[in-house]
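**Student:** fold the following.
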Amino acid sequence: MSILSESSCSLSDFDAIGFDLDHTLCKYKLDILFPFLYKCLVKHLVEDLGYDEDIARPLEEHKDFVTKGLVLDVEKGNFFKFSENGYILRASHGTSPLSDEEIEELYGKERHWKHFKDLKETLTQNCKYKYILGARSLENSRASASINNYI
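**Tutor:** Okay, here's the model as predicted:
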């Protein structure tokens, strides 16, 4: 097994370069990387797919969506942050926060989402919910929240 060094490896030798945010190969400047990825994503959504330009609002306007552990209730278009036992700590529809009263109206006084047990036990995604666990999905959650403003 050989170890590559700067003198034996050139990025121009590769057709494509992928990256993983677990810092295996290098330490990323996330404060630069996330805004860049977000800008690329919303540019594609607006210019190539015809989404409304309003979804391209600055990432900084809704930093709460750039966090691990968010869940999207696909059926209602709401994002959640849960406690470890499934209590809904906070929720929003698109980028608009839901009040405690709205959460209880939608999900009951106990503020417990009906699919939480399935999500916790299986950690699989399906047509009812999506979750953001890894760093590579963070910019997607912000763009998805902006799109949900129109649903």
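**Student:** helix or strand right after the longest helix seen in the chain?
**Tutor:** When the chain is parsed with DSSP state H, its longest helix is helix 30-43. Note on helix 30-43: by DSSP states H and E, the next helix or strand toward the C-terminus is strand 70-73.
**Student:** can you tell me the strand partners of that next one and which way each runs?
**Tutor:** strand 78-82 (antiparallel), strand 129-132 (antiparallel) (DSSP bridges).
**Student:** next SSE after the first one?
**Tutor:** Under the assignment DSSP H and E, the closest C-terminal helix or strand after strand 78-82 is strand 88-93.
**Student:** any idea of the angle that next one forms with strand 78-82?
**Tutor:** 160 degrees (axes from the mean of the first three to the mean of the last three CA atoms, to 10 degrees).
**Student:** which residues are contacting strand 88-93?
**Tutor:** 64, 76-83, 97-98, 102-103, 106-107, 111-113, 145, 148-149 (CB atoms under 8 Å, 6 or more residues apart in numbering). (C-beta placed from N, C-alpha, C; glycine too.)
**Student:** need the CA coordinates for that strand. PDB is fine.
**Tutor:** Provided in PDB are the C-alpha atoms of strand 88-93 (Å, rounded to 0.1, in the frame of the first residue of the first chain):
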ATOM      1  CA  ILE A  88     -42.300  18.200  19.300                       C
ATOM      2  CA  LEU A  89     -40.000  20.900  20.700                       C
ATOM      3  CA  ARG A  90     -40.600  23.300  17.800                       C
ATOM      4  CA  ALA A  91     -42.200  23.100  14.300                       C
ATOM      5  CA  SER A  92     -42.600  25.300  11.300                       C
ATOM      6  CA  HIS A  93     -44.600  25.200   8.000                       C
END
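**Student:** please work out the average pLDDT along the next helix or strand after that strand.
**Tutor:** Counting by DSSP H and E, the next helix or strand C-terminal to strand 88-93 is strand 96-97. Averaging pLDDT along strand 96-97 gives 86.
**Student:** list the neighbouring strands of strand 96-97 plus their orientation.
**Tutor:** Strand pairing for strand 96-97, determined by DSSP bridges: strand 88-93 (antiparallel).
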